[in-house]
Structures are given as C-alpha cells and as structure tokens.
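> Please work out how this folds:
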Amino acid sequence: MYLATNGFRLTGVSGLATALIGIVISFFYPPLPGELPEGFSLSVIALEFTSSLSNARALFEGELAMIHRYQTGHNIDMIYLVAYGAFLGFANLSGWYAQRRALSLIGIIAAGIASSADFAENLHLMQLSQTLLGSGSAPDFWLLRLFVSTKFLMISVSLLCLVPLLWNRGWLGRIFCASSALIAPCTLLTLTGFFQFSSPMTGLILVAWVSLLLWVLKVRNGLTDTTDRHTETLGTQVS
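Just a heads-up that it's a prediction; the model follows:
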C-alpha cells in the first residue's frame, strides 16, 4: 500500500494546485457585458458553447479589454488543465493501487482525454479571441463544441470511476458520490442542448472536486494504516 499512500499525497498536492489556479483564473473570466444565450448563467461556459462568430461578438459587445482579459484566462487555463488532469489522474491511480479495480484505469484514461480536449478547446478559444481582436480567421465552431463536450464528458467519467473508492468513506465520501452521480445526467442534458443544466453541472463538478480534495487530505496517511490492520486481522484469523 506504499504506492497508494504516495498516490494520495500526489493527489493532494495536485488538488491544492487545482484549487489555487482555479481561484486565480476566476478573476480572468468575469461576467461578459452581452446578454447570455438562453439557459446559461456563466459567461465562460456560454463562450465555450458558442456556435458562431456573431454570437461570440454579441457576448463581448466590442469591449477589447474584456477580450484581452479572457485571452489571459485561456493562457492560465493551459496550466489549470494540467493541474486538474493530474488531480483526477492521481486520484484514480491511487484507487488502482488501493483496490485494483479496472474502473480506476478507465478513470486515468478519461482524465488524460479531458485535459487533452481542454487543451484543444483553449487553442480554438484563443483563435476566436484573435478573430474578435481583428486578426486571424474564426475557428471551426463544430470542433470547439466537440472538444468542450469531450472535456465535460470525460471529467464526468473520471469522477464516476472514483465512486467505488469513496463509497462508504464517511460524509465527504457520500458528498462526493452523490455529486458525481448527479453530474452525469446534468452533463448529458447540457451536451444535448438543455443548457439550463450547465450551471448545475459546473456547480456539482466543483462540489465533487472539493469533497475529493478534502477527503484525500484527510486520509492520505490513514487509509493505508486501516487497510494494513484489516489485512493483519485476516491473516491472524486464517492462522
């Protein structure tokens, strides 16, 4: 279980980095001046799901300073996607070391795909910003939608793969499992055009990440000890 212990510690470090960068990046994604499309309540999510250059222009209403600010946010997001990808990946890797479930391997792969899709999404958003600033051509919006959809779907999958690890692990585990279970339908509904579920989706992802981080910080040393004692007890009974 030594590897599991180290895995939980790496999960805690990457989770804290995710939280810190997430706080910083929030200052670069303020509400946009334009009216949000129906169903959206967060400007950055509305921008990610924008379907045309005219819709994107309507969100910014020609405010160049806001476009530059969002462009900075996209650059910071390149670091953020590495942090949360590592957070989800290490969490599932720790689950693999602790329980040897195939779901953990799927969760690791899903975390990597989510980060990769987010990287491609950011490249398209940066291209969109350059277009709004008057240079370059507009991105392929169907590709942007594909990358955004893949990101959120794979985040949901990666979180669901952690449910067996946190099942019956105290109140933090119950919060994580409940929020992760609710993320899946909210994500599917959002990706199929019911954008009123986009805010519950992002809110539940935040709840799941925070509860996972707190749980990892709480048990990073204790989970191994408990498992070892349980193994020793079984060994004594067999003897």
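> Could you check which helix or strand contains the residue sitting nearest the centre point of the chain?
Note on the chain: the residue nearest the mean C-alpha position is I155, at 5.2 Å, using CA atoms, centre = their mean. Using DSSP states H and E, I155 maps to helix 141-160.
> Checking the residue lying closest to the residue nearest to the centre of the chain once chain neighbours are set aside next. Helix, strand or coil?
Nearest residue to I155, sequence neighbours excluded (CB to CB, 6 or more residues apart in numbering): A114, at 4.9 Å. Quick note: C-beta positions are derived from backbone N, CA and C, even for glycine. With DSSP: H, G, I helix; E, B strand; the rest coil as the basis, A114 sits in helix.
> neighbours around A114, how many?
25 (other CB atoms under 10 Å).
> cool, and W142?
The tally of other residues near W142 (other CB under 10 Å) stands at 8.
> Provide a list of residues in contact with the residue nearest to I155.
Under the criterion of CB atoms under 8 Å, 6 or more residues apart in numbering, the neighbours of A114 are 81, 84-85, 88, 150-152, 154-155, 158.
> Let me know whether the residue nearest to the centre of the chain touches I205 as I believe.
Yes. Between I155 and I205 there is a contact under CB atoms under 8 Å: 6.3 Å.
> list residues touching both of the two?
Residues touching both I155 and I205 (CB under 8 Å, 6+ apart) are I183.
> Could you name the helices and strands sitting against the biggest helix by length in the chain?
Secondary structure of the chain per DSSP state H: the longest helix is helix 64-99. When contacts are defined as 3 or more CB pairs under 8 Å, 6 or more residues apart in numbering; DSSP states H and E, helix 64-99 packs onto helix 2-26, helix 43-48, helix 53-60, helix 102-132, helix 141-160, helix 163-166, helix 198-219.
> want to throw those into JSON lines with mean pLDDT?
Below are those laid out as JSON lines (pLDDT from 0 to 100):
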{"stretch": "helix 2-26", "mean pLDDT": "89"}
{"stretch": "helix 43-48", "mean pLDDT": "97"}
{"stretch": "helix 53-60", "mean pLDDT": "96"}
{"stretch": "helix 102-132", "mean pLDDT": "97"}
{"stretch": "helix 141-160", "mean pLDDT": "98"}
{"stretch": "helix 163-166", "mean pLDDT": "94"}
{"stretch": "helix 198-219", "mean pLDDT": "96"}
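> could I get these as JSON lines with distance to W96?
Below are the helices and strands packed on helix 64-99 laid out as JSON lines (distance: least, CB to CB, whole Å):
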{"stretch": "helix 2-26", "distance to W96": "8"}
{"stretch": "helix 43-48", "distance to W96": "31"}
{"stretch": "helix 53-60", "distance to W96": "41"}
{"stretch": "helix 102-132", "distance to W96": "4"}
{"stretch": "helix 141-160", "distance to W96": "13"}
{"stretch": "helix 163-166", "distance to W96": "9"}
{"stretch": "helix 198-219", "distance to W96": "15"}
